[in-house]
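# sharing a model that was predicted from the sequence below.
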Amino acid sequence: MFAGTRAQAVNADLRGQMQNIIEFQDVSKSFGSLQVLDDLNMHVVPGEKLALIGPSGSGKTTILRILMTLEDISAGEILLDGEPLWHEMRGGKRVRASEHHLRKMRDGVGMVFQQFNLFPHLTATENIEQPQVLTHRKSKAAAREKAAEMLSVVGLVDKRDHYPHQLSGGQQQRVAIARALAMDPKIMLFDEVTSALDPELVEEVLNVLRKLAEETDTTMLTVTHEMNFARDFADRVLFFEKGKIVEAGSPEDIFTNPKEERTRSFLRKFLTGIN
Amino acid sequence: MDAVLEYAPLLWRGTVTTVELTLASAALALVISFVVGLARLSPYRAVRWLAIVYLEFFRGTSALVQLFFMYFVLPLWGIFLPPILAGIIACGCNLGSYGSEVVRGALQSVAKQQHEAAIALNYTTYQRYRYVLIPQAIPMMLPSFGNLLIELLKLTAVTSLITINDLTYMSQIIRAQTALTLEPFLAILVIYFLISTVLIGGMKWIERRTSKGRNTIVRQGA
């Protein structure tokens, strides 16, 4: 949906490289005097599965929230498929993105939240159906069919008419995943999706994500504290601290052979369960 | 008491007028509550400001004086309202100001995450309110709306002062014609109580209907 203009596409070709689906260029973000992201540069290629790990407050969740347009940026530029997310050109000038621009950009991005955030007044099916009808102007029948398909992907067909409060946390989160997937996003963001769950419900959600990572070519970014999951899920792992990337690499590099001392000490805490 | 019973038709007409006045003003108050309550949450400062002026004016001045203004003062500027219309507008505008606070409060107590979920699904601002926030806020508004409805019923008694034949007005007529004081007032006291009992029952029924199958998440903490 956020296909760049022809000129941008040609430009990318001229540079002779594969277009990054996400590109952060010198991005900073502060809340008041608190600097959350510090001159961050990173890129994601289409279809890549990325795990963002690091201590609390290191800015991982903020990255996802910025991509979902829930937070703006203080400085820098973010490109989705070559098109600026938080800026647009108007009358030859680069200006802050309007709501109209943000709506266009949002269309290719989906997010699953720590607290599920299902709509409590709608059943599981209605939760998946309504956004398709409202945002993509699909017919009710088509949206319902897609909802059924997505519920079967997450293994909850038998709960289709349940309201969120009638479902366990793990089931609610699986419905939330189905709801986001039904919008066919190019980029999926998972923000600590198991942190609010009872320990025995974590695996059912992670297994759904493992399956998705394997079977779809959607670009996925996940913020997680589940290191074993990050290892299975990710093509690339980014370790963050204080708004900066300390170390990036394959799961193998990061988990078995970390180069940075800070990465090692973070992982050590996790392995000994101190966190 | 027999003397009062003789005047039962008058009391009946008064009851009908009071109920009509209450329901018509309630409809107006409901519309105003939503318009002003939503305006309070507008991103535009001028709209918020207008809503606050409305709220403070109608909440901060006497309903009786507002009524007199509409009935006795507006004609000085060439605006003549029939008494019943003046009564409906005065009562509706007055209660609408209180209602707008109920609407605003309920909308603000819907969890912020619901807002964010709707943005993540790319809802427009209108869709966020229409399909996500308002449906969750309504069950929270109902108990307060019930209270306001009873307030409104009692408020309609002031309209007897601008010649509307409501219950209170009728009791004054009966009192003048029979020279009785206790009986007519006791009679309307009971009737007001019965009407409010029915209204409360109605609101409870609506509350039960709308809360079925739902379990709204209320914003936690401050």
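Okay, I see it. Every value quoted in this text rests on a predicted model; they were computed, and no experiment measured them.

# do stretch B:28-47 and chain A meet at all?
No - against chain A, stretch B:28-47 shows no contacts by C-beta under 8 Å from any C-beta of the partner chain, the least distance being 9.7 Å. Glycine gets a C-beta too; all of them are placed from N, C-alpha and C.

# that stretch: how far from the chain's middle?
How far stretch B:28-47 lies from its chain's middle: 15 Å, per C-alpha atoms, centre = their mean, to the nearest Å.

# pLDDT of it, averaged?
In this model, stretch B:28-47 has an average pLDDT of 96.

# buried ones in that stretch?
For stretch B:28-47, burial by neighbour count (16 or more other C-beta atoms under 10 Å in any protein chain shown) applies to B:28-30, B:32-34, B:36-40.

# try stretch B:120-129
For stretch B:120-129, a neighbour-count test (16+ other C-beta under 10 Å) marks B:120-123, B:127-129 as buried.

# quick check, it touching chain A?
Yes - using C-beta under 8 Å from any C-beta, stretch B:120-129 reaches chain A at B:120-125, B:127.

# can you list contacts of that stretch?
With C-beta atoms under 8 Å, 6 or more residues apart in numbering or on different chains as the test, stretch B:120-129 has contacts from A:68, A:70, A:99, A:103, A:106-107, A:109-111, A:113, A:131, A:134-135, A:179-180, A:183, B:38, B:107, B:115, B:118-119, B:131-132.

# quick check on those residues: which are buried?
Judged by 16+ other C-beta under 10 Å, buried ones among the contacts of stretch B:120-129: A:68, A:70, A:103, A:106-107, A:109-111, A:113, A:131, A:134-135, A:179-180, A:183, B:38, B:107, B:115, B:118-119, B:131-132.

# so which of these sit within helices?
A:103, A:106, A:131, A:134-135, A:179-180, B:38, B:107, B:115, B:118-119 (DSSP state H).

# now the two most distant members of those.
Greatest spatial distance among these (C-beta to C-beta): A:180 and B:38, at 28.4 Å.

# which per-residue confidence value corresponds to residue A:94?
pLDDT for residue A:94: 87.

# between the ones in helices among the buried ones among the contacts of stretch B:120-129, which is closest to residue B:50?
Distance to residue B:50, by C-beta to C-beta, is smallest for residue B:38 among these, at 12.1 Å.

# so that closest one makes contact with residue B:103?
Yes - assessed by C-beta atoms under 8 Å, residue B:38 is found in contact with residue B:103 at 6.9 Å.

# how about the helices in the chain?
Answering for chain A, as no chain was given. Using DSSP H, helices in chain A cover A:6-14, A:60-67, A:99-106, A:124-136, A:140-153, A:169-181, A:199-215, A:227-233, A:251, A:261-271.

# actually, chain B is the one I wanted.
Applying DSSP H to chain B gives helices spanning B:2-6, B:8-39, B:45-60, B:63-68, B:83-109, B:112-120, B:125-127, B:134-155, B:167-178, B:182-211.

# now for the second one, which elements pack on it?
Judged by 3 or more C-beta pairs under 8 Å, 6 or more residues apart in numbering or on different chains; DSSP states H and E, helix B:8-39 is in contact with helix B:45-60, helix B:83-109, helix B:134-155, helix B:167-178, helix B:182-211.

# local confidence estimate at residue A:58?
Looking at residue A:58, its pLDDT is 88.

# hang on, it packs against residue A:242?
Yes - Residue A:58 is within contact range of residue A:242, at 6.2 Å (criterion: C-beta under 8 Å).

# same drill for these two, tell me which one is more crowded.
Neighbours were counted for residue A:58 and for residue A:242 using other C-beta atoms under 10 Å in any protein chain shown; residue A:58 has more, 23 against 15.

# for that one, which non-adjacent residue is closest in space?
In space, not counting the residues next to it along the chain, residue A:58 is nearest to residue A:240; the distance is 4.1 Å by C-beta to C-beta, 6 or more residues apart in numbering or on different chains.
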